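In: no sequence for this one, just the structure:
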């Protein structure tokens, strides 16, 4: 996979109703490694990528096969190449309903449901105050907080996301305890990652973004089950649209500290 493939990759993702723009594909290719499957006249009918988080962990994503070839082994062919390249790392992915059986057959184990929450913002429910705008001096603490919540450092991913995002942080006693980033993605904007110590802080980190974008399309991918944060998003019009299953092939590193990830960068990048 190379940047020259982006126009045809975009066509492929549109064909399966994925919202990714050409710019979203460009970010993915800049951060990861991938394979494409072509037919005899050069059309791309399959893709698969992996993203190095560290020497020990990789995230797999952007796995797409043309509907007419989903039952003919194209997805397995692509996944075998990705698994060969990532041998020796712990592998994690978010499985769509269409690909779930393939991943189970390859040995992946289900960890948690990820809700794709999206929609046009219709309201901004009350939310706790306390978040402030991100400043350049916050960067080191944000990177460490993301590492602690994920259990693994992903500096290249975070650098790319920070470069194109607005950010909010919660600071207590001179220490950053939570942050959220928002950027253009798909049909509108995505809020993610969101890292916080509790649901109230997660709402405080999303509320100002939601209030500023009433009438616009926002998305949050969250592993949080039904609860106050989930209900807050739905009350704003960001509803439970679809879901994927977080899966891993090996044991993943455990998070460190009190903060946890309330919102993903996206499904490919975790």
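Out: Arrived safely. Bear in mind the structure is a predicted one, so any value in this text is a computation, not a measurement.
In: ok, the closest residue to residue 164 other than its chain neighbours to residue 40 distance?
Out: Leaving aside its sequence neighbours, residue 164 sits nearest to residue 183 (C-beta to C-beta, 6 or more residues apart in numbering; 4.8 Å). Where you see a C-beta, it was placed from the backbone N, CA and C, and this is true even at glycine. As judged by C-beta to C-beta, to the nearest Å, residue 183 and residue 40 stand 38 Å apart.
In: can you tell me the SS state at the residue nearest to residue 164?
Out: Here residue 183 is recorded as strand under DSSP: H, G, I helix; E, B strand; the rest coil.
In: what pLDDT does it get?
Out: For residue 183, the model assigns a pLDDT of 98.
In: with neighbour numbers in mind, choose between residue 183 and residue 40.
Out: Remark: of residue 183 and residue 40, residue 183 carries more neighbours, 20 against 5, as counted by other C-beta atoms under 10 Å.
In: ok, residue 96 - contacts?
Out: residue 244 (C-beta atoms under 8 Å, 6 or more residues apart in numbering).
In: ramachandran angles for it?
Out: Dihedral pair for residue 96: phi -70, psi 160, per degrees, to the nearest 10.
In: tell me where the stretch 1-150 of the chain has helices.
Out: Assigned by DSSP state H, counting those that start in this stretch, the stretch 1-150 of the chain shows helices spanning 6-15, 22-31, 74-85, 100-105, 139-150.
In: of those, which approaches residue 50 most closely?
Out: helix 74-85 (5.0 Å; C-beta to C-beta).
In: gap between the closest one and the chain center?
Out: Chain-centre distance of helix 74-85: 21 Å, with C-alpha atoms, centre = their mean, to the nearest Å.
In: in it, what counts as buried?
Out: 74-75, 78-79, 82-83, 85 (16 or more other C-beta atoms under 10 Å).
In: for stretch 63-76, same thing?
Out: Applying 16+ other C-beta under 10 Å to stretch 63-76 flags 63-66, 70, 74-75 as buried.
In: same question for stretch 237-250.
Out: For stretch 237-250, by 16+ other C-beta under 10 Å, it's 237-238, 244-249.
In: so which of these comes closest to residue 129?
Out: Of all the buried residues of stretch 237-250, residue 238 has the smallest distance to residue 129: 19.9 Å, by C-beta to C-beta.
In: could you measure from the closest one over to residue 23?
Out: Distance of residue 238 to residue 23, computed by C-beta to C-beta: 22 Å.
In: and what of residue 198?
Out: Noted for residue 198: a distance of 33 Å to residue 23, by C-beta to C-beta.
In: just residue 126 next, same as before
Out: Residue 126 is 34 Å from residue 23, where distance means C-beta to C-beta.
In: of these two, who's got more company?
Out: Between residue 126 and residue 23, residue 23 has the larger neighbour count (other C-beta under 10 Å), namely 13 against 9.
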